[in-house]
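# just coords:
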């Protein structure tokens, strides 16, 4: 037992001490933070950038005094008579934030206006302007039809659909959108990581076999100890990396959002935007409210459960698959020969991975999702996809038990192939050969 | 030290060891001989508990071979290998600890060996930065650092230049003098005669002969002598019932060399008594077959035509 600890220690330390490990461990959260920060920064900037001055040349005469300036856009009426090419030049020359809105005389029927500028106006500005014009047109239409605008305004009903799930702890807020996003990211993460760390096990074994050190070591320890030591050691490297990632990301994320948004945190900013759009015009909510909705949904997600189950399923799935990777590594002399054996290992993972986007996310509680999250070969991905949607505890328990069972089974099979394979130099193994090795005594 | 009883190891298509028994006396140097593919490595792997035999058993110091013996065996495999990217010192510590030494003990012993072999400066080097001969030295130290009672060396001199081979040979002899039993697997016969007390000869999975080297040589004595005498007027002729002449090499004006086989029941003294009055004897030597001759004789005697084809 002491020896397996020594092996785990060597496998772990020799990898954690590597420069590439440190690099990946610190660069990935930085990249995540970078992307996160950049998004916030750009969003914040786009709010500021959208401060624009619109010079309105109203040839229709419909809008005089009806367009109010908003926080971001200042509307300045221009006398129609002055509408000359010369003046346009002057107006637009000021800087890129000046726009010329030309409302033709037939606007009421054509519903077409022109926005002229040096640079193409942002979608935000365009949207805001067109909404303004729509409002005015609608008001005119209401008035023409004899409907009082105030009446219409007062009878605008608002329905909020609060999706609730019934769980053991009673009703709970559901968060389908965020859940879907998280589910997708988890399936990608697990898929990549199983291969990443599994192939590290395989490469480690090929290296030991190629350098022939394996014979020295298994004269001191059992092949099984060497295999398990390697698998566990590399698995711990993976867990260390994840925990560091989670820790670094959350820390840096806090620093980044505090620094980037001038003391205001994202929530306040979003709420302010929401209040603004609510107060001004209900339609505005759709746009500015998006960020708020995402934030609200994210708040509803139970991250602790997700992280815990992620670590459990990653480690379980890793143990199961890395045993297979180990068997493959022992059977070949170089990485180029692994191809023929890798295919059947890849299939269940790839299958679940692809299904997770189409089927599992849309029907997380259907029979296919259920069974895929029970079968040990597919559950590490399938169950993690389902987790954000809420899975009963007994299902998670059963699936974990099956996963452990599957891991014991594959390890047993892999160990029997491994102990023979590592001593077979220069022999090209076939599946038939592997079966033979499996059957050898002792 | 080691009692090997009726070991059988069967692989899918061939039998690697077929009912092999022998025993290794404590404190001796024991030669495990055989051509390539005879089953030497299979037997060594079984002694090292890397693989298990299909039947038969091995006793180590009177006890049935079990995992507690692993720390008392040192094994230098024919296919040498170390972690290429690991520092030498760390690597040795790791291997010694796997053999059951504590970290402290291992450090002391490795330092001692490094001084002895003049490789102190290698501690922080990586294996890939060492020459092949240096790597061999490192590997040898790794094999013996835990002071094993039984040291198994599979072709220990391959890859060494003559100077380093000699250093290693001296180390092996000194370990043996200090009580270690050494099993020495090789197909190079000249080193066997020099070092081994006893041998076992394996060919095609079967034991052909074993025992003390001197006993084996006795068995293979053919009572043949080489006698060199100064030129004589009359040539020496055979005497029925006393000796027969196998060959005569005559260098005129210088000497004549006879190879004679003594008849059963007679001794070399009887022959000398016959010769002394006739010729001036210059040199006399018994022709004892070398282990190499015995090996070749035994192996080819057994060999099927197919075997000769592949190995000639």
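Thanks, I have the structure now. On a predicted model such as this, the values are computed, not experimentally measured, just so you know.

# quick one: the strands in chain A?
For chain A, the strands defined by DSSP state E cover A:52-58, A:73-77, A:98-103, A:114-117, A:164-167, A:170-173.

# nearest to chain B, of those?
Closest approach to chain B among the strands of chain A is made by strand A:164-167 (50.4 Å; C-beta to the nearest C-beta). Using the backbone N, CA and C atoms, a C-beta is placed for each residue, glycine as well.

# what pLDDT, on average, does that closest one get?
Averaging pLDDT along strand A:164-167 yields 58.

# State the pLDDT value of the residue of the stretch 201-312 of chain B found nearest chain A.
Going by C-beta to the nearest C-beta, chain A is nearest to residue B:205 of the stretch 201-312 of chain B, at 16.7 Å. We note a pLDDT of 89 for residue B:205 in this prediction.

# Nearest residue to it in space, ignoring adjacent ones along the chain?
residue B:18 (4.2 Å; C-beta to C-beta, 6 or more residues apart in numbering or on different chains).

# Which positions in the strand or helix carrying that neighbour come out as buried?
Here residue B:18, judged by DSSP states H and E, is contained in strand B:15-24. Neighbour counts over strand B:15-24 (16 or more other C-beta atoms under 10 Å in any protein chain shown) mark B:15-18, B:20, B:22, B:24 as buried.

# pLDDT below threshold where in the chain?
Reading this off chain A. A:1, A:46-51, A:79-87, A:89-96, A:156-158, A:160-177, A:253, A:256-301, A:426, A:441-442 (pLDDT under 70).

# not quite, I wanted chain B
B:302-312.

# Pull up the residues of it that are close to chain A.
Selection of chain B residues close to chain A by C-beta under 8 Å from any C-beta of the partner chain yields B:11-12, B:45, B:48-54, B:67, B:70-71, B:73, B:75, B:77, B:79-86, B:94-95, B:97-99, B:139, B:142.

# Out of those, which end up buried?
B:45, B:48-51, B:53-54, B:70-71, B:73, B:75, B:77, B:80-84, B:86, B:94-95, B:97-99, B:139, B:142.

# Can you list which of those residues are found in helices?
Among these, DSSP state H puts B:45, B:94-95, B:97-98, B:139, B:142 in helices.

# ok, these vs chain A, which is closest?
Nearest to chain A among these, counting by C-beta to the nearest C-beta, is residue B:98 at 4.0 Å.

# and the residues of chain B next to chain A, which of them are in strands?
Filtering those for strands - DSSP E - leaves B:73, B:75.

# Need the residue closest to the centroid of chain A.
residue A:185 (4.1 Å; C-alpha atoms, centre = their mean).

# what's the neighbour count on the residue of the stretch 201-312 of chain B closest to chain A?
Other residues near residue B:205 come to 22 when the count uses other C-beta atoms under 10 Å in any protein chain shown.

# For it, list the residues it contacts.
B:14-18, B:20, B:38-39 (C-beta atoms under 8 Å, 6 or more residues apart in numbering or on different chains).

# go on, residue B:25?
By C-beta under 8 Å, 6+ apart, the contact set of residue B:25 is B:1, B:181, B:197-198.

# coming back round to it: report the two of the ones in helices among the buried ones among the residues of chain B next to chain A separated the most.
B:45 and B:97 (22.3 Å; C-beta to C-beta).

# Quick one: residues contacting residue 63.
I'll assume chain A. A:56, A:103, A:133, A:136.

# To clarify, I was referring to chain B.
residue B:69.

# Report the beta-bridge partners for it.
For residue B:63, the beta-bridge partners under DSSP bridges are residue B:60.

# For it, give its distance to residue B:266.
Residue B:63 sits 50 Å away from residue B:266, going by C-beta to C-beta, to the nearest Å.

# any chance of the strands of chain A in a markdown table, plus distance to chain B?
Shown next, in a markdown table, are the strands of chain A (distance: least, C-beta to the nearest C-beta, whole Å):
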| stretch | distance to chain B |
| --- | --- |
| strand A:52-58 | 60 |
| strand A:73-77 | 63 |
| strand A:98-103 | 64 |
| strand A:114-117 | 61 |
| strand A:164-167 | 50 |
| strand A:170-173 | 51 |
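
# Identify whichever of the ones you listed lies nearest to residue B:283.
strand A:164-167 (104.6 Å).

# ok so, going back, of the contacts of residue B:205, closest to residue B:228?
Distances from residue B:228 to the contacts of residue B:205, taken by C-beta to C-beta, are shortest for residue B:38, at 38.5 Å.

# Tell me how many other residues surround the closest residue to the closest one other than its chain neighbours.
Residue nearest to residue B:38 in three dimensions, not counting chain neighbours: residue B:202, with 4.6 Å by C-beta to C-beta, 6+ apart. Neighbour count for residue B:202, taken as other C-beta under 10 Å: 25.

# Residue B:2 versus residue B:193, what's the distance?
From residue B:193 to residue B:2 the distance is 22 Å (C-beta to C-beta).

# for residue A:159, same thing?
88 Å.

# who has more neighbours, these two?
The neighbour comparison of residue A:159 against residue B:2 (other C-beta under 10 Å) goes to residue B:2, with 22 against 4.

# Which residues are in contact with the spatially closest residue to the more buried one that is not a sequence neighbour?
If the residues on either side of it in the chain are set aside, residue B:2 comes closest to residue B:24, at 4.0 Å by C-beta to C-beta, 6+ apart. Applying C-beta under 8 Å, 6+ apart to residue B:24 gives the contacts B:1-4, B:30, B:150, B:181, B:183, B:198.

# wait, which of these is closest to residue A:356?
Among those, residue B:150 lies closest to residue A:356 (C-beta to C-beta), at 56.3 Å.

# That closest one and residue B:181 touch, don't they?
Yes - contact criterion C-beta atoms under 8 Å: residue B:150 and residue B:181 qualify, at 5.0 Å.

# Just the closest residue of the stretch 251-400 of chain A to chain B, please.
Ranked by C-beta to the nearest C-beta, the top residue of the stretch 251-400 of chain A for proximity to chain B is residue A:333, at 12.6 Å.

# how is the chain carved up into domains?
Just going to use chain A. By the record's domain assignment, chain A is partitioned as A:2-37+A:175-439, A:52-149 (automatic domain parsing).

# oops, chain B please
B:2-218, B:222-286.

# before we move on, back to that, for the residue nearest to residue B:38, list the residues it contacts.
Neighbours of residue B:202 in contact, by C-beta under 8 Å, 6+ apart: B:17, B:20, B:32-34, B:38-40, B:43, B:208.

# Spell out which residues belonging to chain A are near chain B, please.
A:3, A:6-7, A:10, A:14, A:207-208, A:211-223, A:419, A:423, A:425, A:436, A:440-442.

# one more time with 7 Å, if that's ok
A:3, A:6, A:10, A:14, A:211-213, A:215-221, A:436, A:441-442 (C-beta under 7 Å from any C-beta of the partner chain).

# Mind checking which of the residues you listed land in helices?
Using DSSP H, those in helices are A:3, A:6, A:10, A:14, A:213, A:215-217, A:436.
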